[in-house]
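Asks: starting from these lines, generate the structure:
(2 chains)
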Amino acid sequence: MTDKAENLAAQNPAKEKLIQRYSAAERINHWVVAVCFVLLAISGLAFFYPAFFWLTGVFGTPELARIVHPFVGVVMFVAFGRQFFRYWHHNLLNREDIRWMVAVREVMKGNEVGDIGRYNGGQKAMFWMMVLCMAALLGSGVIAWRPYFAASFPIPVIRIALLVHATSAVVLISSIIVHVYAALWVQGTIRAMVEGVVTHGWAKKHHPRWYRETTGRKV
Amino acid sequence: MTSSSLDIQRRSASPTAAAEARNPAEIAQLIDVSACIGCKACQVACSEWNELRADIGTCVGVYDNPTDLSSQAWTVMRFAEVEENGKLEWLIRKDGCMHCAEPGCLKACPSPGAIVQHKNGIVDYNQDQCIGCGYCVSGCPFNVPRLSPKDGKAYKCNMCSDRVAVGLEPACVKTCPTGAIQFGSKEDMKEVAATRIADLQSRGFQHAGLYDPPGVGGTHTMYVLHHADKPEQYSGLPNDPSISTAVGLWKGALKPLATVGIAAAGLFGFFHYITVGPNRADDDAHQDANDDAKVGTREEDRS
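Replies: Predicted coordinates:
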């Protein structure tokens, strides 16, 4: 058992059988990114779909939404950058992940496949997809950012940036829907990012190798 | 934007029809480049009528002044020295909004009603609705709209829509001392242009022609060019302009694709949950507390 989990057990006997998955700092980091994402998706969809333009009202006025959007984007990128350096080494693909990906239909039925470590193939793919989208969004967003940066770029470059920005945003939004759904579907996962802990059963079922490494127990 | 909302053809970021009950004739401004003497009276008239005052600039060694369009300069004369047939030609073009039939700025604009196209062909900006994103700048094939450094909103020539609405010609047309700028129905302006082009051709300008580019559906500012085969010579007037592919994809194909993608992700989740059901680690909350060494039934299946 980890030190953190032992601390938890000491504070609260009911949590004795819990495993620490995310520290408080990691959880705060995650939710900063999440809140930024929601704000960006609301304003971004409003600019993308005329029928959703009313969503700019969330920011007070449409012009305020336009002004605030890129600043929130920078906050998200910085916060996500912190996450990138926390997690990239946990997200390198291995053979078990390929097995997981090939058998994803079985996984979708609720039957785990492979000796999964801290993250499974789907989570790793999601991680790298987010990294790609975030990088594309930041780069294209800066190019299109008025009045500060756009004037320094040729108009044909800005046009491509706008296309890339919208496309990567759509990909990210779709991915986040999958990310959120996966967290809801696999019961006990939300708790990892809210309270920071998971049960032994959760860890054994979904991340057996991580469970053995963390607890030193055999499954 | 002083004319009534009843004669609008298109409205930015508005998927449904604009109020278009009235049917005014299509108008056009015809700029005969071959008759322009570069006096800039049109620039002055524009700034007078529209109450615009560009900052006093400095001489940069050419006649262009101001050197570029801005929120305070909706039309500028552009002077180009070009060698044609062994002779130096001084090509002077009054630059400003072309009032495209298919405006790239309007297509790009995300703010409902910030850009409208009147039925008479005038493309007009409503700064009250403008959010300062600059998408119009990227959407325009002619590099015309400019954001104001003061209020961040987009400005450009509105062909004096306030004057046209009450039956007057634009201020630049009224003031032009050589008749190089004319105004009337688009039909009539094409006729005037044809006469003028025939005259230029008879005088040795065999490539004289009308600039009314079909790539943007035609324009409501048209030029008579003595070298219509080389519009780029006139300070970069684009040859065969159209809305760029990137803007076309962004405002076109991407939207249905995005809708399908986002909806598919959401619907997949919903139907997966109500068919397969949640993925539980087998009553771990109770079982584990009693016997954390015991492996759930599904675990056994797996191994």
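
Asks: just give me the longest helix of chain A.
Replies: For chain A, the helix that runs over the most residues, judged by DSSP state H, is helix A:155-185.

Asks: which parts of that one are buried?
Replies: Neighbour counts over helix A:155-185 (16 or more other C-beta atoms under 10 Å in any protein chain shown) mark A:157-179, A:181-182, A:185 as buried. From N, CA and C alone the C-beta is placed, and that goes for glycine too.

Asks: among these, which are in reach of chain B?
Replies: A:158-160, A:162-163, A:166-167, A:170-171, A:173-175, A:177-178, A:181, A:185 (C-beta under 8 Å from any C-beta of the partner chain).

Asks: just the residues contacting the helix or strand harbouring residue B:247, thanks.
Replies: Assigned by DSSP states H and E, residue B:247 belongs to helix B:245-251. Contacting residues not belonging to helix B:245-251 are listed as A:156, A:159-160, A:162-163, A:166, B:104, B:107-108, B:138-139 [C-beta atoms under 8 Å, 6 or more residues apart in numbering or on different chains].

Asks: redo the residues you listed as TSV? Include pLDDT and distance to residue A:65.
Replies: Formatted as TSV, the contacts of helix B:245-251 follow (pLDDT from 0 to 100; distance: C-beta to C-beta, whole Å):
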residue	pLDDT	distance to residue A:65
A:156	98	27
A:159	98	22
A:160	98	24
A:162	98	17
A:163	98	21
A:166	98	16
B:104	98	23
B:107	97	21
B:108	98	17
B:138	97	19
B:139	98	20
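
Asks: let me have those in a markdown table, extended by distance to residue B:30.
Replies: Shown next, in a markdown table, are the contacts of helix B:245-251 (distance: C-beta to C-beta, whole Å):
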| residue | distance to residue B:30 |
| --- | --- |
| A:156 | 30 |
| A:159 | 30 |
| A:160 | 35 |
| A:162 | 34 |
| A:163 | 35 |
| A:166 | 38 |
| B:104 | 22 |
| B:107 | 25 |
| B:108 | 27 |
| B:138 | 28 |
| B:139 | 25 |
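
Asks: and which of these is nearest to residue A:61?
Replies: Taking C-beta to C-beta as the measure, residue A:61 lies nearest residue B:108 of these, at 20.4 Å.

Asks: quick check: residue B:21 touching residue B:6?
Replies: Yes - between residue B:21 and residue B:6 there is a contact under C-beta atoms under 8 Å: 5.1 Å.

Asks: more neighbours, these two?
Replies: residue B:6 (13 against 10; other C-beta atoms under 10 Å in any protein chain shown).

Asks: so that one makes contact with residue B:19?
Replies: Yes - Residue B:6 lies in contact with residue B:19 (C-beta under 8 Å); the separation is 5.3 Å.

Asks: now do the shared contacts for those two.
Replies: Common neighbours of residue B:6 and residue B:19 (C-beta under 8 Å, 6+ apart) do not exist.

Asks: element containing residue B:228?
Replies: Residue-wise, residue B:228 maps onto no helix or strand under DSSP H and E.

Asks: find me the pLDDT at it, would you?
Replies: pLDDT for residue B:228: 97.

Asks: list the contacts of the residue nearest to it when sequence neighbours are not counted.
Replies: Leaving aside its sequence neighbours, residue B:228 sits nearest to residue B:209 (C-beta to C-beta, 6 or more residues apart in numbering or on different chains; 2.9 Å). Counting by C-beta under 8 Å, 6+ apart, residue B:209 touches B:197, B:224-225, B:228-229.

Asks: what's the separation between residue B:209 and chain A?
Replies: Distance of residue B:209 to chain A, given as C-beta to the nearest C-beta, to the nearest Å: 27 Å.

Asks: which stretches of chain A have low pLDDT?
Replies: Along chain A, the parts satisfying pLDDT under 70 run over A:1-16, A:219.

Asks: can you give me the helices for it?
Replies: Using DSSP H, helices in chain A cover A:3-11, A:24-48, A:62-87, A:95-102, A:104-108, A:121-144, A:155-185, A:189-194, A:200-206, A:208-215.

Asks: dump those to a markdown table, plus distance to residue B:119.
Replies: Below are the helices of chain A laid out as a markdown table (distance: least, C-beta to C-beta, whole Å):
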| stretch | distance to residue B:119 |
| --- | --- |
| helix A:3-11 | 70 |
| helix A:24-48 | 27 |
| helix A:62-87 | 26 |
| helix A:95-102 | 56 |
| helix A:104-108 | 54 |
| helix A:121-144 | 32 |
| helix A:155-185 | 29 |
| helix A:189-194 | 55 |
| helix A:200-206 | 62 |
| helix A:208-215 | 66 |
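
Asks: which of these sits most buried?
Replies: helix A:200-206 (a mean of 26; mean count of other C-beta atoms under 10 Å in any protein chain shown).

Asks: quick one: list the elements packing against that one.
Replies: With contacts taken as 3 or more C-beta pairs under 8 Å, 6 or more residues apart in numbering or on different chains; DSSP states H and E, helix A:200-206 sits against strand A:18-20, helix A:208-215, helix B:284-290, helix B:297-302.

Asks: list the helices and strands the shortest one packs on?
Replies: Applying 3+ C-beta pairs under 8 Å, 6+ apart, we find strand A:18-20 packed against helix A:3-11, strand A:197-199, helix A:200-206, helix A:208-215.

Asks: change it to 10 Å
Replies: Using 3 or more C-beta pairs under 10 Å, 6 or more residues apart in numbering or on different chains; DSSP states H and E, the elements in contact with strand A:18-20 are helix A:3-11, helix A:189-194, strand A:197-199, helix A:200-206, helix A:208-215.

Asks: tell me which element the residue most central in space within chain B falls in.
Replies: For chain B, residue B:105 is the residue whose C-alpha lies nearest the centre (C-alpha atoms, centre = their mean; 2.8 Å). Here residue B:105 sits within helix B:104-108, counting by DSSP H and E.
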